[in-house]
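**Student:** Just the structure for this:
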Amino acid sequence: MEKSRRLLDYYLPPGEGFVLESLIATTYQVDFEFLEEELLASALGVRSPVNRIKAFRSELERGLQKADVSILYDLRGCERLVRLSPRIDAIPVSRRKLHSKISLLMWARDNSKSGAPPDRCMRLVVGSANLTRQGFRQNYECVAAIDFDRKRVSPTSLLKTAIGLVRQICADRDSPQLQRQLAAFSAEADILEEGTGPELPVALVAADDVVPTLRNVWTTISDKAPESLTIVSPFWAEGVTATDALVQLAQQLGAPPRVELVCSGERSADGKLWLPVFEAAAALELRRRLSGQLFLCATLPEAAAMGVAGTDDIGDELEDREFATRLGIEKNKEVDTHRALHAKTILLDGRDGSTLYIGSSNCTRRGLGLGAAANHEAGFIYQLTPRHRKQVASLLGFVGPPIEVLPDAAPSTVQPTREEECAVPSFLEEVVASGGIISIGFRETVPRDLVLLMPIPTKAGSAGNWLLFRGNGENEPPQHLEVHLDLCGICDERLEPIAEFGSRSDTPNVYVEARWEGHTANFPVRFDEKTQLPLLLVGRKPSEGELIDYFLFGREPNEWGDGLSFTGNESTPSSGDEPVDTRYILTYFIRRFVRAIPGIEAEIKRAAYSRAPLTAVLRGPTSPLELAERAFASLTTAPAKDEPSKTPTAVGFQLVEICAVLQRSRAEIAEIELRVCFDPVTARCREMLRALEERHPELGTEAFRRYKEQILGCVE
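**Tutor:** Numbers count the residues shown, from 1 in each chain. As a prediction, this is how the structure comes out:
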C-alpha cells in the first residue's frame with residue numbers, strides 16, 4: 001500500500017465502494033472517545049460532525065451495526081471508560097500485559113450488479129501506536145501496514161501469524177463475535193497466494209522472538225558482525241541488574257563496536273539543555289562493560305508543531321505516566337512543548353545491509369524476553385539492502401545528535417521517574433448483557449467487600465444505579481452471578497436505596513462500576529446479541545408507522561424523540577375544514593405497508609454481500625423482523641399517534657407478506673453462509689403467525705388458509 005505519515009489513513013477504505021466489514025485491534029491503552037469520534041467515524045465514513053451529537057451518534061451506530069469491531073486492551077490501560085458503544089466489543093486482558101499494537105481490518109465491496117462475488121481487502125497494521133489521540137496525532141511513532149487481496153501477492157504468512165498472536169491473547173476470552181471475526185480472517189487468508197517483496201517484512205515476531213530473529217536475518221545478509229546497533233525505546237531495563245540485560249542484548253546481536261541508545265528527550269533543570277532520559281549510573285556501567293563505543297541520543301522537540309493537551313485529554317501517559325510530557329518553562333510568555341517518544345525500533349547496520357525491527361517492544365526484559373516473562377508484543381522485521389537503508393534515515397529523523405558516554409565520566413541525563421500503576425478489577429473475568437440479564441464471571445480471588453454497580457442510562461442527569469452485587473465482608477462471592485435488571489435494586493452513589501423513577505430503563509449500560517478496598521474502577525459490558533439493542537443506548541425503538549415510513553420514504557426514525565411525532569404523509573393533522581386525514585384509517589395504513597414492501601426487499605438486497613450488514617438489516621432496529629414484532633404487538637398495545645387500531649386479519653396479512661419478502665430475498669442469494677442469516681428471522685415471523693392464528697379463530701377460515709398457501713407455498 002502507499003506509505004503515509006498520517007496514521008489515521010491506514011484505517012480508511014482502500015478504494016471506492018469498499019465498506020468496513022471487520023476490525024480487530026490489540027492495544028495497551030485505549031481512549032474510547034477518540035476511537036469512536038475519530039478513528040471509527042473516519043473508517044465508517046460518518047459525515048455528520050461530532051458537534052451535531054444526535055446526528056453523529058445515530059450515523060455512527062448505524063455504521064457499527066454493519067461492521068464487527070473488537071478491541072482487546074490491557075485492563076490497566078483505560079482509566080476513562082467513556083462513550084463506549086454497545087456495538088463495540090471491548091475485551092480487557094489482565095493476566096499477562098497486553099502491549100502489542102496489531103490492527104486487522106477487512107473491507108468488502110458489493111459486486112452484485114455484475115453478478116460477481118464481493119471484493120474483499122484486508123490490511124494488517126503493526127507498530128508502536130496505542131489507540132489514543134496521542135498515539136495517532138502527537139507522539140513519535142513507527143507503524144507499518146500491508147494490504148492483502150486477491151489481486152496482489154503479499155506475504156500471507158505474516159497475516160496468519162498476526163491472527164495467531166491475536167488468538168493467543170484472547171485464548172481465555174469467550175467472545176463469539178471475536179471468534180467469528182478471526183475465523184473470517186483465517187478463511188480469507190487461506191485462499192490468498194504467498195508472496196514476497198524487497199520492501200516487505202520478512203517476519204512478524206512476538207517478544208521472545210525479536211532478538212533471535214534479528215540475529216538469524218542478519219546472518220543471511222553478512223557473515224561479518226554488524227558495525228552498529230541502534231535501539232529506540234522510551235523505556236529501558238531497570239534495577240541493579242539493568243546493565244546485565246542490555247549487555248546480554250548487545251552480545252546476542254553480535255557485539256557491534258558502536259551502540260546508540262535513543263531515549264526520550266527532556267529539558268534540563270536549568271532549562272538550557274535538552275538531555276536524554278536515561279539513568280546516568282546505568283549508562284556509565286554499561287559503557288564499562290561494552291567493548292565498543294556507547295552513545296545516548298535524545299529525541300528532538302517539536303515545539304511549533306504540537307500544542308499542549310489539556311489535563312482532561314491524557315492519552316499515552318497512562319502507559320508509564322511519561323508520554324506527552326508537559327513542559328512549563330516560560331520563554332517570552334510561550335510554553336515549549338515537544339512530541340513524546342513512543343516509537344520502538346532496533347537497527348543492526350553494516351556495509352552489506354541492515355536488519356530493522358519496528359514494533360511495540362520496549363528495551364526491557366519483558367518487552368524483549370530477556371530473562372523474564374514476556375509481554376504480549378508484536379513487531380515487523382525487515383531485511384534491508386544498502387539502497388533501502390537510506391529510507392531509515394527519514395524514519396529516524398526525530399533523533400538528536402549522539403552524545404558519547406565515556407568510561408570515566410557520568411553523562412548528563414535526566415533521571416527517569418516511575419509511578420505505580422492504578423488498581424484494576426482483575427478479579428472480574430467478564431460481564432455480559434443479554435436483554436435485561438447481566439452475567440458476571442469472576443476469577444479465583446474476589447474481594448469480600450466488592451460492590452458492583454451499573455449506572456442507569458439516561459439522556460441527562462442521574463437516575464441512580466442498579467446494585468448488581470454487594471459483598472457482606474465475610475463470604476466470597478460465587479464464581480458466577482446472573483442478575484435480572486427488572487428485579488435489581490436501585491441505589492444512589494452512597495449505596496442508599498432510592499425509589500422507582502418514572503419509566504424504568506431496561507437497556508443495560510456499557511460498563512459496570514466496581515468498588516473494593518477503597519478503589520473504584522470501571523469494567524466494560526459485552527453485548528453478544530446486539531440486534532436486540534435500540535439504535536441509541538438512551539433512545540427508543542421506532543413505532544410501526546415509523547418503520548413503514550423508513551422503508552417507504554427512507555425517512556430515519558427519530559430515536560431521541562418520544563415517538564409521538566406524526567409520520568407518513570407530509571401534512572399536519574387535519575382540522576374540520578381540511579380533507580380527511582387518512583393516516584388513522586386502517587385500509588390506508590395497510591396500503592402504505594404494501595407500498596413499503598419493495599423498500600424492504602431493496603434494503604435486504606443492498607446488504608446481501610456480507611454477514612454483518614445482512615444481519616443488521618434483517619434483525620436490527622429498522623428491520624423486517626422489528627416491523628413484524630411491532631405488527632404482532634399492535635393487537636395488545638395502544639396504537640401510536642400515526643397508527644390506526646389493528647384487526648387480527650390485518651396483522652395476519654402483514655406477517656404473511658413479511659414472511660414472503662424473506663422467502664423471496666433468501667432465494668436470490670447464492671452464498672449458503674448468507675442464506676443462514678434468514679433462518680432465525682423467518683422462524684420467528686412464522687412463530688408469530690402461528691400464535692396469531694391460534695388466538696384468533698377468524699384466521700382459521702378457508703380463505704385465509706388458501707391466501708397463505710398461495711403466498712408462502714405451504715400451509716402450516
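**Student:** Any regions of this protein where pLDDT drops low?
**Tutor:** Segments of the chain classed as low confidence (criterion: pLDDT under 70) are 1-4, 198, 303-337, 460-462, 500-505, 560-581, 583, 714-716.
**Student:** gap between the residue lying closest to residue 381 once chain neighbours are set aside and residue 222?
**Tutor:** With C-beta to C-beta, 6 or more residues apart in numbering as the criterion, residue 381 has its nearest non-adjacent residue at 4.5 Å, and that residue is residue 203. Glycine gets a C-beta too; all of them are placed from N, C-alpha and C. With distances taken as C-beta to C-beta, to the nearest Å, residue 203 is found 18 Å from residue 222.
**Student:** Looking at the two, which is more packed in?
**Tutor:** Between residue 203 and residue 222, counting by other C-beta atoms under 10 Å, residue 203 is the more crowded of the two (20 against 16).
**Student:** Let me know whether that one touches residue 383 as I believe.
**Tutor:** No. Residue 203 lies out of contact with residue 383 (C-beta atoms under 8 Å); the separation is 9.1 Å.
**Student:** List the contacts of the residue nearest to residue 381.
**Tutor:** Under the criterion of C-beta atoms under 8 Å, 6 or more residues apart in numbering, the contact list for residue 203 reads 158, 161, 209, 213, 217, 380, 381.
**Student:** Within the helices and strands, which one has residue 294?
**Tutor:** Residue 294 belongs to strand 293-298 when assigned by DSSP states H and E.
**Student:** in its sheet, what does that strand sit against?
**Tutor:** For strand 293-298, sheet partners with direction are given as strand 258-263 (parallel), strand 403-404 (antiparallel), following DSSP bridges.
**Student:** which residues touch that strand?
**Tutor:** Residues beyond strand 293-298 that count as contacts (C-beta under 8 Å, 6+ apart) turn out to be 257-266, 274-278, 283, 286-287, 399-405, 411, 413.
**Student:** residues contacting the nearest residue to residue 111 once chain neighbours are set aside?
**Tutor:** When the adjacent residues along the chain are set aside, residue 111 lies closest to residue 118, with 5.6 Å between them (C-beta to C-beta, 6+ apart). Residues in contact with residue 118, defined by C-beta under 8 Å, 6+ apart, are 108, 109, 110, 111, 112, 609, 610.
**Student:** one more time with 7 Å, if that's ok
**Tutor:** 108, 109, 110, 111, 609, 610 (C-beta atoms under 7 Å, 6 or more residues apart in numbering).
**Student:** Out of those, give me the two with the largest separation.
**Tutor:** Farthest pair in the contacts of residue 118 (C-beta to C-beta) is 111 and 610. Separation: 11.7 Å.
**Student:** Can you name every helix or strand that the longest helix along the chain contacts?
**Tutor:** Taking DSSP state H as the assignment, the helix of the chain that covers the most residues is helix 586-607. Judged by 3 or more C-beta pairs under 7 Å, 6 or more residues apart in numbering; DSSP states H and E, helix 586-607 is in contact with helix 544-553, helix 611-619, helix 648-667.
**Student:** would you turn the ones you listed into a markdown table with distance to residue 25?
**Tutor:** As requested, those are exported to a markdown table (distance: least, C-beta to C-beta, whole Å):
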| stretch | distance to residue 25 |
| --- | --- |
| helix 544-553 | 32 |
| helix 611-619 | 17 |
| helix 648-667 | 33 |
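**Student:** what about the ones you listed, which gets the closest to residue 170?
**Tutor:** Distances from residue 170 to each of the helices and strands packed on helix 586-607 were compared using C-beta to C-beta; the shortest belongs to helix 611-619, at 19.0 Å.
**Student:** From the contact counts, what lies against the helix or strand harbouring residue 160?
**Tutor:** Residue 160 belongs to helix 156-169 when elements are defined using DSSP H and E. With contacts defined as 3+ C-beta pairs under 7 Å, 6+ apart, helix 156-169 has these neighbours: strand 19-27, strand 102-109, strand 119-127, strand 143-149, helix 176-190, strand 203-205.
**Student:** For residue 64, give me its contacts.
**Tutor:** 85, 87, 88.
**Student:** again with residue 370
**Tutor:** 245, 248, 249.
**Student:** Filter these down to the buried ones.
**Tutor:** Restricting those to buried positions leaves 245, 248, 249, with burial counted as 16 or more other C-beta atoms under 10 Å.
**Student:** if you skip the residues just before and after it, what's nearest to residue 477?
**Tutor:** Sequence neighbours aside, residue 446 is the residue nearest to residue 477 in space, at 5.0 Å (criterion: C-beta to C-beta, 6+ apart).
**Student:** re earlier: want to throw the strands paired with strand 293-298 into a markdown table with distance to residue 487 and mean neighbour count?
**Tutor:** Listed next are these as a markdown table, based on distance: least, C-beta to C-beta, whole Å; neighbours: other C-beta atoms under 10 Å:
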| stretch | distance to residue 487 | mean neighbour count |
| --- | --- | --- |
| strand 258-263 | 57 | 24 |
| strand 403-404 | 67 | 16 |
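**Student:** Is it possible to get these out as a markdown table so that each row also shows distance to residue 37?
**Tutor:** Supplementary listing: the strands paired with strand 293-298 in a markdown table, determined by distance: least, C-beta to C-beta, whole Å:
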| stretch | distance to residue 37 |
| --- | --- |
| strand 258-263 | 33 |
| strand 403-404 | 41 |
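**Student:** Could you confirm residue 429 falls within a strand?
**Tutor:** Yes. In this structure, residue 429 lies within a strand as judged by DSSP: H, G, I helix; E, B strand; the rest coil.
**Student:** So it sits against residue 444, correct?
**Tutor:** No. When contacts are counted by C-beta atoms under 7 Å, residue 429 is not listed as touching residue 444 (9.8 Å).
**Student:** For these two, indicate the residue with more neighbours.
**Tutor:** Neighbours per residue, other C-beta under 10 Å: of residue 429 and residue 444, the larger number sits with residue 429, 19 against 8.
**Student:** Fine by me, we can end here.
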